[in-house]
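A.B. asks: I would like the atomic coordinates for the input below:
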Amino acid sequence: MKLLSYAGATYSTGTAIADAVLAYSLALARRQLTELVRLPFVSDSGETLHLEIPIGWMREIAGISQPTSARGSELEDAATVEGLTTRTQALEPPRPSAEFESETASRGPSILWSDFDPTELEY
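C.D. replies: Numbers count the residues shown, from 1 in each chain. Predicted structure coming up:
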């Protein structure tokens, strides 16, 4: 379990949920975006409730680990984690494909600025 700290309050939620929220918040902040997300948490009475909070740009949110026994069993919500993970990946820049990497490797070494010799210039 983890505690999510937001706006002076803390909410106990599952580790995977908290990690997905924090990753999505960082991805949004990098793009200077904010979004309202809905996530489950465990109340002090042990009841599972839902909360809507804005995350991302200019929003302070933190995840704090806590022992599982502190609040009972681990809270899990695969749909929330999957949704947040999908939205996080959509905001991340595309990575070069294996085809691109093998193509650039087959071309041989690139010319580097350090390879430049100004004495070879013709005037």
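A.B. asks: How about the backbone phi and psi for residue 56?
C.D. replies: Here is the backbone geometry of residue 56 (degrees, to the nearest 10): phi 120, psi -140.
A.B. asks: what do you get for residue 35?
C.D. replies: When read as degrees, to the nearest 10, the backbone of residue 35 gives phi -140, psi 150.
A.B. asks: next one: residue 65
C.D. replies: Dihedral angles (degrees, to the nearest 10) for residue 65: phi -70, psi 150.
A.B. asks: what's across from it in the sheet?
C.D. replies: For residue 65, the beta-bridge partners are residue 2 (DSSP bridges).
A.B. asks: before we move on, which element is residue 21 in?
C.D. replies: Of the helices and strands defined by DSSP states H and E, residue 21 is found in helix 15-30.
A.B. asks: and residue 13, what does it touch?
C.D. replies: Taking C-beta atoms under 8 Å, 6 or more residues apart in numbering as the criterion, residue 13 is in contact with 1-4, 21, 39-42, 75. In this view, the C-beta of every residue, glycine as well, is placed from N, C-alpha and C.
A.B. asks: let's see 6 Å
C.D. replies: Residues counted as contacts of residue 13 (C-beta atoms under 6 Å, 6 or more residues apart in numbering) are 4, 41, 75.
A.B. asks: and if you look at residue 37?
C.D. replies: Neighbour list for residue 37: residue 55 [criterion: C-beta under 6 Å, 6+ apart].
A.B. asks: Can you tell me the SS state at it?
C.D. replies: strand (DSSP: H, G, I helix; E, B strand; the rest coil).
A.B. asks: one step back: from the contacts of residue 13, keep the buried residues only.
C.D. replies: Among the contacts of residue 13, the ones that count as buried by 16 or more other C-beta atoms under 10 Å are 4, 41, 75.
A.B. asks: So for stretch 56-68, what gets flagged as buried?
C.D. replies: For stretch 56-68, burial by neighbour count (16+ other C-beta under 10 Å) applies to 56, 61, 63.
A.B. asks: burial count for the nearest residue to the first one once chain neighbours are set aside?
C.D. replies: Counting by C-beta to C-beta, 6 or more residues apart in numbering, residue 28 is the residue found nearest to residue 56 once chain neighbours are left out, at 2.9 Å. When neighbours are defined as other C-beta atoms under 10 Å, residue 28 has 21 of them.
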